[in-house]
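Undergrad: what follows is a predicted structure for the sequence shown.
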Amino acid sequence: MGGRRGEAGRGAVRAGYRDGRVPEGGGGEAAVIRILHAADLHLDSPFEGLSEENARMRRQEQRELLDRIAELCAENAVQLVLLPGDLFDSDSAYQKTAETLVLALSRIAAPVFIAPGNHDFFGRGSPYARLSLPENVRVFKEPKLECFDIPELSCRVWGAGFNDRYCGEIMRNFAPEKREGVADILCMHGEVGNPASRYNPISEAALSRSGMDYAALGHVHTFSGPRRAGDCFYAWPGCAEGRGFDETGEKGVILADVAPGRAAIRFVPLGGRRYQVLTVTAESSDPAASVLRQLPEGTERDTYRIILTGELDEVPDLAGLRRVLAGRFFSLQLRDGTSLRRNIWERAKEDSLRGAFLRRLREMYEAAESESEKKKITAAARWGLAAIDGDEEIVGI
């Protein structure tokens with residue numbers, strides 16, 4: 001990919017197409033640009049919560065994710081790829097990972113822009129400085145905005161990159177002059193809505209003022225959904241695959257169709273392994289039956305944390321539960337959040353405020369006509385005892 005900095009750091013970039021044709025807009029409208037927007041892959045993560053064997057397997061699956069992104073580009077006739085940061089988890093990338101990234105990017109028949117973030121910031125020792133990247137790839141190396149023209153797509157791509165773990169506000173006073181019929185697109189790592197952020201704070205006011213038609217952002221690990229600040233559409237895709245229980249659920253990338261003044265943003269799941277948390281109310285010290293009733297189908301590829309709750313007469317048998325669930329997950333964590341059951345009426349005979357309180361509620365309990373009413377009275381007794389005894393107890397009604 002050719003390009004050079006001129007005045008205001010601008011250059012020209014030629015887009016590559018498999019069939020050599022450039023999409024045209026109909027009815028005099030500007031052409032729509034199909035963009036793949038992915039961020040926060042965190043390649044070569046340590047996966048510290050997994051066994052050594054499973055962690056090694058997950059790192060290999062992260063590399064395979066790069067091939068899946070290249071396939072998505074081909075399947076969806078993608079014309080522009082934006083990767084706003086944290087492709088690598090650190091500057092200590094495995095050689096195999098670096099080679100896989102270069103090969104995957106070379107398979108993409110479109111310009112690719114990378115804006116390094118706080119984990120993969122550009123520097124002398126960063127992977128981007130060591131790699132021989134394909135000609136279609138451009139890396140933003142400094143925390144100041146520069147622009148590249150892509151005449152074939154009638155668009156300009158603006159971007160900036162971190163060169164340290166922390167980065168101040170990059171978009172301050174950013175408001176370039178618009179060009180008729182040209183889409184302005186931003187690729188950058190940063191945090192929206194937190195002015196105290198140490199990771200390039202971005203305000204909606206700055207996005208609105210910028211005149212960008214689409215801002216492809218990275219840093220936050222959950223999909224933002226389509227957003228808009230003035231005439232600027234923006235989004236972040238979240239991480240491409242979960243790496244811990246703070247990154248649960250479906251993960252993926254964004255396909256966006258962008259033209260001057262409009263953008264259609266679609267989330268595309270990548271179908272990788274998921275982290276899931278399941279909370280189960282145990283009905284006995286052998287909670288397997290309770291867990292199996294609530295367990296969904298198709299959990300074999302996923303990492304689960306199962307949290308047991310409820311009141312039991314004795315501590316649940318977690319070792320027995322793990323044996324029953326063997327083979328149902330890629331990896332499993334069990335957490336015991338149960339409490340030992342106590343007879344709340346046992347002190348009703350006391351000559352005290354506590355005893356008087358319990359006797360009154362016991363009368364109401366015995367006169368109750370439904371199980372639902374009894375449950376509410378029991379909960380009221382627990383809350384009352386917690387208040388009298390100075391304890392804290394949370395009980396759902």
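TA: Structure's in. What do you need?

Undergrad: distance of the closest residue to residue 287 other than its chain neighbours from residue 342?
TA: Using CB to CB, 6 or more residues apart in numbering and skipping residues adjacent in sequence, the residue nearest residue 287 is residue 316, 5.1 Å away. (Glycine included, C-beta is placed from N, CA and C.) Applying CB to CB, to the nearest Å, the value for residue 316 to residue 342 is 17 Å.

Undergrad: between these two, which is the more surrounded one?
TA: Taking other CB atoms under 10 Å, residue 316 and residue 342 do not tie; residue 316 has more neighbours (21 against 11).

Undergrad: pretty sure that one contacts residue 307?
TA: No: if you go by CB atoms under 8 Å, residue 316 and residue 307 don't touch, sitting 11.4 Å apart.

Undergrad: quick one: the strands in the stretch 51-200 of the chain?
TA: For the stretch 51-200 of the chain, the strands defined by DSSP state E, counting those that start in this stretch cover 80-83, 112-114, 137-139, 146-150, 155-159, 183-189, 191-192.

Undergrad: the fifth one pairs with which strands, parallel or anti?
TA: Here strand 155-159 is paired, per DSSP bridges, with strand 146-150 (antiparallel), strand 183-189 (parallel).

Undergrad: and those strands, which is most packed in?
TA: Most buried of those, by mean neighbour count (mean count of other CB atoms under 10 Å): strand 183-189, with a mean of 28.

Undergrad: what average pLDDT does stretch 85-95 get?
TA: Average pLDDT, stretch 85-95: 93.

Undergrad: hmm, who's touching that stretch?
TA: 39-46, 59, 97, 101, 114-120, 123, 125-127, 161-162, 188-189, 218-219 (CB atoms under 8 Å, 6 or more residues apart in numbering).

Undergrad: export it to PDB, keeping only CA atoms.
TA: Written as PDB, here are the backbone C-alpha positions of stretch 85-95 (Å, rounded to 0.1, in the frame of the first residue of the first chain):
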ATOM      1  CA  GLY A  85      -5.600  -1.200  18.900                       C
ATOM      2  CA  ASP A  86      -4.700  -4.000  21.300                       C
ATOM      3  CA  LEU A  87      -4.200  -6.600  18.600                       C
ATOM      4  CA  PHE A  88      -1.400  -7.900  20.800                       C
ATOM      5  CA  ASP A  89      -1.700  -8.300  24.600                       C
ATOM      6  CA  SER A  90       1.900  -7.100  25.100                       C
ATOM      7  CA  ASP A  91       5.100  -6.500  23.200                       C
ATOM      8  CA  SER A  92       6.100 -10.100  23.900                       C
ATOM      9  CA  ALA A  93       4.400 -11.700  20.900                       C
ATOM     10  CA  TYR A  94       5.300 -15.200  19.800                       C
ATOM     11  CA  GLN A  95       7.000 -15.500  16.500                       C
END
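
Undergrad: list the buried residues in it.
TA: Buried positions in stretch 85-95, judged by neighbour count with 16 or more other CB atoms under 10 Å: 85-89, 91, 93.

Undergrad: between those residues, which is nearest residue 338?
TA: When the buried residues of stretch 85-95 are ranked by distance to residue 338 (CB to CB), residue 89 comes first, at 35.9 Å.
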